[in-house]
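**Student:** model the following, please.
(4 chains)
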Protein chains: 2
Amino acid sequence: MATPKTASAAPPLPDLPLDDDKTVELADMFKMLGDPSRLRIVTATLAGPRAVGEIAAALGLSVSLVSHHLRLLRATRLVSAERRGKQVFYRVHDQHVARVIADMIAHVNEDAE
Amino acid sequence: MATPKTASAAPPLPDLPLDDDKTVELADMFKMLGDPSRLRIVTATLAGPRAVGEIAAALGLSVSLVSHHLRLLRATRLVSAERRGKQVFYRVHDQHVARVIADMIAHVNEDAE
DNA sequence: ATAACAATTGAATATATATTCAATTGTATG
DNA sequence: CATACAATTGAATATATATTCAATTGTTAT
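**Tutor:** Sure thing, here's the model as predicted:
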């Protein structure tokens, strides 16, 4: 963020649709998926709404930890919550997230060959 | 027990092709894109091979910082390096990464509407 | 109201990591 | 060889963050 040591003329780079704000927003989403526990939690909600305790039990994580992570995921709008009685069900917020994860899985699987 | 008190027809958790090792590997890749500086660096190499100093100047980052980040990106196989004379050119390692970033950009842009 | 269940929240901590600065390696050219 | 240019590397630091534990809020039923 500070002024770099070497300052010279900046050659033109391709301008992608990414201003600084969008870049940070994008990075925040990737960061959310960049933690193994959170990635497991998100993938657990891919197939449909899941309760917090359900996710925690399935993944072998504490309910507290899962809740903490879900709060972050909700703040980044990667998942959304709906209360049904005592339980709160979480699901992926939209399809892009699912596709992104699918693409990355393809990336990892192709690397394995 | 087996039958829950509340009537919630919960299908079993989806078994994705994600064992623990793959999950960590996936998360590592997302983590690489989860830092704004690194995300800018990767997007700078999307259109073609770029030299380290070129990237640093274009993004307003120090050469040292860019090199540190490129080392991590190379270790995760998100970018690859090729030396040409004094300069070292980096490019995205394969197309999956480009598609993942494109999908996330779509995600962010749709949110803006 | 009390009890049991589900989830959130806050504090505390241990670890990870992004960035800077200085020194060093690699490369071409005088 | 020496000098300049390009990039890497290591150390040091400041900040971020993942996880745990205890306490609390919200919900349903007795």
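**Student:** now for A:Ser67, how many residues are close by?
**Tutor:** 16 (other CB atoms under 10 Å in any protein chain shown). Quick note: C-beta positions are derived from backbone N, CA and C, even for glycine.
**Student:** one more: the one 5 residues further on?
**Tutor:** Applying the criterion other CB under 10 Å, we find 16 residues in the vicinity of A:Leu72.
**Student:** test my guess that it contacts A:Met32.
**Tutor:** Yes - taking CB atoms under 8 Å as the definition, A:Leu72 is a contact partner of A:Met32 at 6.3 Å.
**Student:** shared neighbours of the two, which are they?
**Tutor:** Applying CB atoms under 8 Å, 6 or more residues apart in numbering or on different chains, one finds that A:Leu72 and A:Met32 are jointly contacted by A:Arg38.
**Student:** so where is chain A shaky, pLDDT-wise?
**Tutor:** Across chain A, the ranges flagged by pLDDT under 70 are A:1-17, A:111-113.
**Student:** what does it put close to DNA strand D?
**Tutor:** Residues of chain A lying near DNA strand D by CB under 7 Å from any atom of the strand: A:31, A:34-38, A:61-62, A:64-65, A:68-69, A:72, A:83, A:85-86.
**Student:** looking at this, A:Ser80 is in a helix?
**Tutor:** No - looking at A:Ser80 with DSSP: H, G, I helix; E, B strand; the rest coil, it is strand, so not inside a helix.
**Student:** how many other residues sit next to it?
**Tutor:** By other CB under 10 Å, neighbour count at A:Ser80 equals 15.
**Student:** do the one 4 residues further on as well
**Tutor:** The burial count assigned to A:Arg84 is 11, neighbours taken as other CB under 10 Å.
**Student:** show me what it bridges to in the sheet.
**Tutor:** For A:Arg84, the beta-bridge partners under DSSP bridges are A:Gln87.
**Student:** ranking the residues of chain A next to DNA strand D by neighbours, who comes first?
**Tutor:** A:Arg38 (24 neighbours).
**Student:** is that one in contact with A:His69, as I believe?
**Tutor:** Yes - using CB under 8 Å, A:Arg38 is in contact with A:His69, at 4.8 Å.
**Student:** how far does the longest helix anywhere in chain A sit from its chain's centre?
**Tutor:** Taking DSSP state H as the criterion, chain A has its longest helix at helix A:95-112. Relative to its parent chain, helix A:95-112 has a centroid offset of 13 Å by CA atoms, centre = their mean, to the nearest Å.
**Student:** buried residues in that helix, which are they?
**Tutor:** A:96-101, A:103-105, A:107-108 (16 or more other CB atoms under 10 Å in any protein chain shown).
**Student:** which one among those gets closest to B:Thr43?
**Tutor:** A:Val100 (15.2 Å; CB to CB).
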